[in-house]
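Undergrad: task: produce atomic coordinates for the following.
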Amino acid sequence: MFAAEVRSENDYGETAEKDMASKRRDSFAAGTLVVWDVDVLKEEVIRVYRASNPEQLQVYRRGEVAEAEPAVPGWTMLVDNLFV
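TA: Numbers count the residues shown, from 1 in each chain. Take a look at the predicted model:
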């Protein structure tokens with residue numbers, strides 16, 4: 001399974017970060033393999049967390065191609081397409 005969380009204006013700050021981390025833990029506990037934390041408002045990045053190592057994130061920026069392995073094998077997305 002793959003999940004994407006797109007941040008809203010209320011998803012920033014210490015409390016919001018703790019809430020989002022809790023959601024990721026719940027997602028992984030439910031069987032999700034990959035979670036994208038999509039920041040379209042401030043940093044314009046995709047932070048990718050994987051159930052296999054949830055504390056190690058991978059960050060994709062403009063000009064890069066993001067993926068969701070192993071949840072969606074072979075699927076990719078140009079990060080720039082999120083900021084059109």
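
Undergrad: list the buried residues in the one helix or strand Trp36 maps to.
TA: Element membership for Trp36 (DSSP states H and E) is strand 34-39. Within strand 34-39, the residues that count as buried by 16 or more other C-beta atoms under 10 Å are 34-39. Using the backbone N, CA and C atoms, a C-beta is placed for each residue, glycine as well.

Undergrad: take it, keep the C-alpha atoms, and write them as PDB.
TA: The C-alpha coordinates for strand 34-39 follow below in PDB (Å, rounded to 0.1, in the frame of the first residue of the first chain):
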ATOM      1  CA  VAL A  34       5.500   3.900   1.600                       C
ATOM      2  CA  VAL A  35       4.200   7.300   2.800                       C
ATOM      3  CA  TRP A  36       4.800  10.500   0.900                       C
ATOM      4  CA  ASP A  37       4.700  13.700   2.900                       C
ATOM      5  CA  VAL A  38       4.000  16.300   0.200                       C
ATOM      6  CA  ASP A  39       5.000  19.900   1.100                       C
END
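
Undergrad: now the residue nearest the centre of the chain, nearest residue through space, not along the chain?
TA: Among the residues of the chain, the one closest to the centroid is Trp36, at 1.6 Å (C-alpha atoms, centre = their mean). Nearest residue to Trp36, sequence neighbours excluded (C-beta to C-beta, 6 or more residues apart in numbering): Ala4, at 4.2 Å.

Undergrad: just checking, the one you found is part of a strand?
TA: Yes - checked against DSSP: H, G, I helix; E, B strand; the rest coil, Ala4 lies within a strand.

Undergrad: which residues does it contact?
TA: Residues near Ala4 by C-beta atoms under 8 Å, 6 or more residues apart in numbering: 35-36, 38.

Undergrad: possible to save those as JSON lines with distance to Met77 and pLDDT?
TA: As requested, the contacts of Ala4 are exported to JSON lines (distance: C-beta to C-beta, whole Å; pLDDT from 0 to 100):
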{"residue": "Val35", "distance to Met77": "15", "pLDDT": "98"}
{"residue": "Trp36", "distance to Met77": "9", "pLDDT": "97"}
{"residue": "Val38", "distance to Met77": "10", "pLDDT": "96"}
